[in-house]
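**Q** have a look; sequence and predicted model below, questions after that.
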Amino acid sequence: MKWPDIVVVGGGAAGMMAAICAARQGAAVTLIERNQKVGRKLYITGKGRCNVTNHCSPEEVRAATPRNGKFLYSALEHTPPAWVEEFFEALGVPLKVERGNRVFPVSDKSADIIDALFFELKRLKVSIINDRVTGISLEGLQDWAVCGVEMGEGKALTGFPCKAVILATGGVSYPATGSTGDGLWMAEELGHYYTGCGDILDQSSVANRKQERYGRVHAYNRLVGLIGLIDVYKHHCESLYDAAEHLHVSEDFLAESISYYRSKYGVCTTVDNYVVYFEPHIGVLELK
C-alpha cells in the first residue's frame, strides 16, 4: 500500500477544503472522518440552507468581526469571499446573494454544497476513511516530525503513516456532529499545552496579548530555533526563501523568528561551537 503524503483529520467543511486544495497541488491525501458521512455539521448550517460566505471584500469581513478582525487577515487574503464563491460555482453549484450580502446555493439545500465537495474529493482520488483518530505519531529524538496518525484504542490501536497531518476537527461547539474537542487534546500532546490557553482574539486584555506572545515564541523555538538556523547554515541556504523551504515554514514566519531572536540576543549568541549573528544580518560562524 502506498502511504499518503498528507492525512487530514476531520471531514467537515475545513477538512474537505484542505484535502481538496492539497490534492490539487499534487499531494496524495487521505481524509479520516469519525462519522459515517462527511460534512455532517454542514447539513444544519444556515437552517439547512448553508450560508457559504458573504458577498463582500475582506476588509468588510474584518470590520464586521466583533473582536480582533486582524486575526483573520492572512486567511482572508489567501481565500477572500470572492474566491469561495468562484470555488463552488466552478464545482457546479449556482449561488445567490440575499439580504445582508449572505451567499446561499440557489437550491437552498446544504446537501448541494456537501455533494460538490464530496465528488471533488472523489475526482481528485482523495481516500476517505471512516474511523476515529486517537493520536499523532512523531519521530526523531530532538527535532520531532510528524510521521503518522493512530486510530483505535488498546489492542485495536493501528498506525497510519504519512508525511504531514492537517488537524481540522473543529472545537466543542456541537458535540452531536462530532465536534468533541479531539483536535484540542491532540494538539496539546504535541506541546501546545506548554503555553496554556487564552482568548487571543480579544486583544484588549494585557493577559491575552501576553498569551499570544507566549504562543508565538513557542512556535518560533519549536519550528525554527537557533539549532534550525545553524542547520540552515550547514545546508548552504543562501536566501530567506531557501532557508524557509528547508525549515518548512513561510518566509514571513522565518523573518518574524529572526526578529524575535535579534530582540532577545542582540548582535549574536553562542550555541555549542557556533556563533549565530543577527546584526548586521543573519549569519553563522563555526568556531574551530
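**A** In hand now; what should we look at?

**Q** show me the domain layout of the chain.
**A** Following automatic domain parsing, the chain resolves into domains at 6-192, 224-286.

**Q** show me the helices in this protein, by range?
**A** Using DSSP state H, the helices of the chain run over 13-24, 58-64, 73-78, 81-90, 110-123, 182-189, 206-223, 225-234, 240-247, 251-265.

**Q** tell me the most buried of the ones you listed?
**A** Greatest average neighbour count among the helices of the chain goes to helix 13-24 (a mean of 20), per mean count of other Cβ atoms under 10 Å. C-beta coordinates here come from the backbone N, C-alpha and C atoms, glycine included.

**Q** for that helix, output the C-alpha coordinates as CSV.
**A** Provided in CSV are the C-alpha atoms of helix 13-24 (Å, rounded to 0.1, in the frame of the first residue of the first chain):
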residue,chain,number,x,y,z
ALA,A,13,-16.0,22.0,5.7
ALA,A,14,-12.5,22.9,6.7
GLY,A,15,-11.2,19.3,6.3
MET,A,16,-12.7,18.8,2.9
MET,A,17,-11.5,22.1,1.6
ALA,A,18,-8.0,21.4,3.0
ALA,A,19,-7.9,18.0,1.4
ILE,A,20,-9.1,19.4,-2.0
CYS,A,21,-6.5,22.2,-2.0
ALA,A,22,-3.7,19.8,-1.0
ALA,A,23,-4.7,17.2,-3.7
ARG,A,24,-4.9,20.0,-6.3
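
**Q** which strands or helices does that helix pack on?
**A** Counting contacts by 3 or more Cβ pairs under 8 Å, 6 or more residues apart in numbering; DSSP states H and E, helix 13-24 is packed against strand 6-9, strand 29-33, helix 110-123, strand 164-167.

**Q** and these as TSV, adding distance to W185 and mean pLDDT?
**A** Formatted as TSV, the helices and strands packed on helix 13-24 follow (distance: least, Cβ to Cβ, whole Å; pLDDT from 0 to 100):
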stretch	distance to W185	mean pLDDT
strand 6-9	12	96
strand 29-33	16	96
helix 110-123	27	96
strand 164-167	11	92
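
**Q** how about a markdown table for these, with distance to R222 added?
**A** Listed next are the helices and strands packed on helix 13-24 as a markdown table, based on distance: least, Cβ to Cβ, whole Å:
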| stretch | distance to R222 |
| --- | --- |
| strand 6-9 | 20 |
| strand 29-33 | 24 |
| helix 110-123 | 31 |
| strand 164-167 | 15 |
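
**Q** out of these, nearest to S239?
**A** strand 164-167 (23.8 Å; Cβ to Cβ).

**Q** adjacent strands (with direction) for that closest one?
**A** Using DSSP bridges, strand 164-167 pairs in its sheet with strand 6-9 (parallel).

**Q** great, nothing more from me.
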